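[1] Quick one: sequence plus predicted model below, questions after.
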Amino acid sequence: MDRVILVTGAASGIGAACCRRMAQPNTAFLIHTRKNAEGAERTAEAVRAKGAKAHVILGDIAAPETPAALVQAALDQFGRLDVVVANAGFADKTPLLQTDDAQLARTFDTVLWAFIRLARAALPVLAEGQDPRLIAISSFVAHTFRNDVTVFPATSAAKAAVEALVRGLAIEYAPRGVTVNAVAPGFTQKDPGAHAAYSPAQWEMVKRSVPLGRLGTPDDVAAAVNFVASAEAAYVTGQTWHVNGGLI
C-alpha cells in the first residue's frame, strides 16, 4: 500500500466523501462508524470500486478506549498508518443555560477528548508513515457568531479547542515530518434521510446568510481534505482551512 488512511465517522456525509475522494489503487482505508454498519459498508464498496482496500470498524469515538483501538486496527489490518481524518462528531445547538453537565460532557467527549486520544495514539505511528497527516474536521461554529446564524455553544467551544490543539501539535510534530491541520466546513448538505438541525424552510434562510448563496456539499469539504492530505501540502501545517462559501 502507498498509503493507509483512517477516517472516523465515515458512514455518511463528509467522512464518506473524504474516503471516496482519496480512494485510488494502492491505498487502504480503515472506515470507522459508531453504529451505522450499513452506511460504512457502502463507503467501503465505493472505495473498493476505485481499486482501494477497505476495512470497516465500529465503536463509540467518545469511549476512552476507542481511538487507540482504531489506530491498532489500522496496524493489524494494513501494517501502517499514514493519514488520520478525525471527522466523527455531532452539532448541538442547545442554549448553554439549558445544557446540563452530562450533555456538555457528551459533546466534549465526542469532539475534543476523542481528538486528544486519537492524536496521542496516532501521532507516534504517523511519524513513521509516508507523507504523514493528521487532519481534524472542525466547523464554522467555532468562528461565526451572528444574530442571524444559530449559535452552537458546546460544539463551538469543543471545536475551538480542537483547533488550538491542531496548532500546538503542528509545532510539536513538525520535526518528525507530520503535518497537523483542520478543515472547517460551513453549512453543509446532509445525506438524504440523515438527521438535520433545521427544517426545509430554515435551510432556505440559512442559504441567504451564505455569500455564495448555497449550502456546501460533502465533496466540497472532501476536496480540501484531499489536498491537505496530499504530498503537495507538505509545507502546510498548523492551519484551519475554511470551506464555507464566504460565511463570516
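    Noted; the coordinates are in hand.
[2] Which parts of the chain are helices?
    With DSSP state H as the criterion, the chain has helices at 13-22, 37-49, 66-78, 101-108, 114-126, 153-173, 200-208, 218-229.
[3] Can you lay out those as a markdown table showing mean neighbour count?
    Any C-beta I mention is one placed from the backbone N, CA and C, and that applies to glycine too. Converted to a markdown table, the helices of the chain look like this (neighbours: other Cβ atoms under 10 Å):
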| stretch | mean neighbour count |
| --- | --- |
| helix 13-22 | 26 |
| helix 37-49 | 17 |
| helix 66-78 | 19 |
| helix 101-108 | 14 |
| helix 114-126 | 21 |
| helix 153-173 | 19 |
| helix 200-208 | 12 |
| helix 218-229 | 21 |
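[4] closest one to residue 140 among those?
    The closest of these to residue 140 is helix 153-173. By Cβ to Cβ, the value is 8.9 Å.
[5] Let me know the angle separating the closest one from helix 101-108.
    Between helix 153-173 and helix 101-108, the angle comes out at 40 degrees (axes from the mean of the first three to the mean of the last three Cα atoms, to 10 degrees).
[6] counting contacts, what elements does helix 153-173 pack onto?
    With contacts defined as 3 or more Cβ pairs under 8 Å, 6 or more residues apart in numbering; DSSP states H and E, the packing partners of helix 153-173 are helix 101-108, helix 114-126, strand 133-137, strand 179-185.
[7] could those go into TSV alongside distance to residue 146 and mean pLDDT?
    What follows is those, written out as TSV (distance: least, Cβ to Cβ, whole Å; pLDDT from 0 to 100):
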stretch	distance to residue 146	mean pLDDT
helix 101-108	21	95
helix 114-126	26	98
strand 133-137	22	98
strand 179-185	16	98
